[in-house]
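Here's a sequence, model it:
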Amino acid sequence: MGTWIVTGGAGFIGSNFVRTTLAETDARVVVVDKLTYAGNLQSLRDISDDPRFAFVEADIADRAAMDAVFSEHRPDAVVNFAAESHVDRSIDGPVEFVHTNVLGTLQLLEAARAHLASLDAEAAEAFRYLQVSTDEVYGSLGDEGYFTETTPYAPRSVYSASKAGADHLVHAYHETFGLPALVTNCSNNYGPYQFPEKMLPLMLLNALEGKPLPIYGDGLNVRDWLFVEDHCSAIRRVLEAGRPGQTYAIGGRAERTNLQVIDRLCEVLEREAPIAQNAAASARGLAGYADLKTFVADRPGHDRRYAIDDTKLRTELGWSPAMAFDEGIARTVRWYLDNPEWCEAVQSGSYRRERLGLSTDE
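Numbering: from 1, shown residues only. Sure, this is the predicted structure:
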């Protein structure tokens, strides 16, 4: 399967993709990561000695660095996970999102286009560029309906707008320059190695410390949840068999309100780490972790519902998720309980699970 460049490979989804790719294929994987707050070599520690793994610390927006990576490693495929990805953080600092998600993608596409031009006909025919995107580019759904590959883009946050811009650039490079590119748009991921600013690990770690579980608005915003390893298997399937120029929507068919997700998390925690045995939580006289639920002001532009129709991926490429939601939550909780040193290491910087993106004028 040759050499794959995986940008953002030290982040949440990227590190899971690298780990499962090395385990399930014979590909050589070159991770390119800027190592920002959400990218951490701790997430790759268990594969660092694998002879098929290489790491390059670099910014995808640095064209010279990207050219050097392509020149040295001569990839057969590129999978771009590199992105600023937290909506709340995009409210506090939008410029970095455009820099990485739009300009970074542009420079990576330029490097890939130059690399493609250097390949012989057979290698050029086999080369692929895959852009990993999100369902948030489509905006917000009502109570009914689903996002599909033909849903018009209607982003409502700086994060989703920057990802939409990147998607458009990828499609344009396919149409204009013949770059054999693919785009995937996925639903909400969860699982091991997720940075604790995102909802599930934030709630889990707060609960273990007896801290409030902040629920935005009324808690009835709906997301479709996808276990991260299922997402990784879908990306590999698209990379191997998807048609260049196409978009593939990846969903988990597991719609839940935020309240439902938090309630399920509390149930699993009560089974795996009973509150009666948790000194930090039981000291507050709580009957259960659910007593920590706290409703807070909603964030600006909070989309009400996302849901994906992944029929195209299932019928055209024969993919379907393997992990049921309840089982995936249980596995996720168990991983965080078993890996406190990782949680501590990735929070050693400035972020300590404080509220981000509280208002548009701060």
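
ranges for the helices of the stretch 51-200 of the chain?
63-73, 87-92, 94-97, 105-117, 121-126, 158-177, 199-208 (DSSP state H, counting those that start in this stretch).

Determine which of those approaches Y190 most closely.
helix 199-208 (5.0 Å; Cβ to Cβ). Every residue, glycine included, has its C-beta placed from N, CA and C.

Partner strands of whatever helix or strand comes next after that closest one and their direction?
Using DSSP states H and E, the helix or strand that follows helix 199-208 in sequence is strand 213-216. Partners of strand 213-216 in the sheet, by DSSP bridges, are strand 293-296 (parallel).

For the strand it pairs with, give me every contacting residue.
Residues outside strand 293-296 that contact it (Cβ atoms under 8 Å, 6 or more residues apart in numbering) are 212-219, 262, 266, 355.

Out of the residues you listed, which comes closest to R28?
Relative to R28, the closest of the contacts of strand 293-296 is I262; by Cβ to Cβ it sits at 40.5 Å.

How much space separates the closest one from L337?
17 Å (Cβ to Cβ, to the nearest Å).

more neighbours, the two?
I262 (24 against 14; other Cβ atoms under 10 Å).

Buried residues in the helix or strand harbouring the more buried one, which are they?
Secondary-structure assignment from DSSP H and E places I262 in helix 258-272. For helix 258-272, the neighbour count (16 or more other Cβ atoms under 10 Å) marks 258, 261-270 as buried.

Closest one of these to N278?
Closest to N278, out of all of these and judged by Cβ to Cβ, is L269, at 8.8 Å.

nearest spatial neighbour of the closest one, skipping sequence neighbours?
Nearest residue to L269, sequence neighbours excluded (Cβ to Cβ, 6 or more residues apart in numbering): Y289, at 5.1 Å.

residues near the residue nearest to A322 when sequence neighbours are not counted, how many?
Leaving aside its sequence neighbours, A322 sits nearest to D230 (Cβ to Cβ, 6+ apart; 5.9 Å). Burial of D230 is recorded as 21 neighbouring residues (other Cβ under 10 Å).

do the same with L292
L292 - counted by other Cβ under 10 Å - has 21 other residues nearby.

mind starting the numbering at 349 from now?
Done: numbering now begins at 349, and the last item shifts to L640.

residues in contact with the residue nearest to it when sequence neighbours are not counted?
Nearest non-adjacent residue to L640, counting by Cβ to Cβ, 6+ apart: L561, 4.7 Å away. Contacts for L561 (Cβ under 8 Å, 6+ apart) come out as 551, 554-555, 610, 614, 637, 640-642.

what about the strands in the stretch 349-498 of the chain?
For the stretch 349-498 of the chain, the strands defined by DSSP state E, counting those that start in this stretch occupy 351-355, 376-381, 401-405, 425-428, 476-482.
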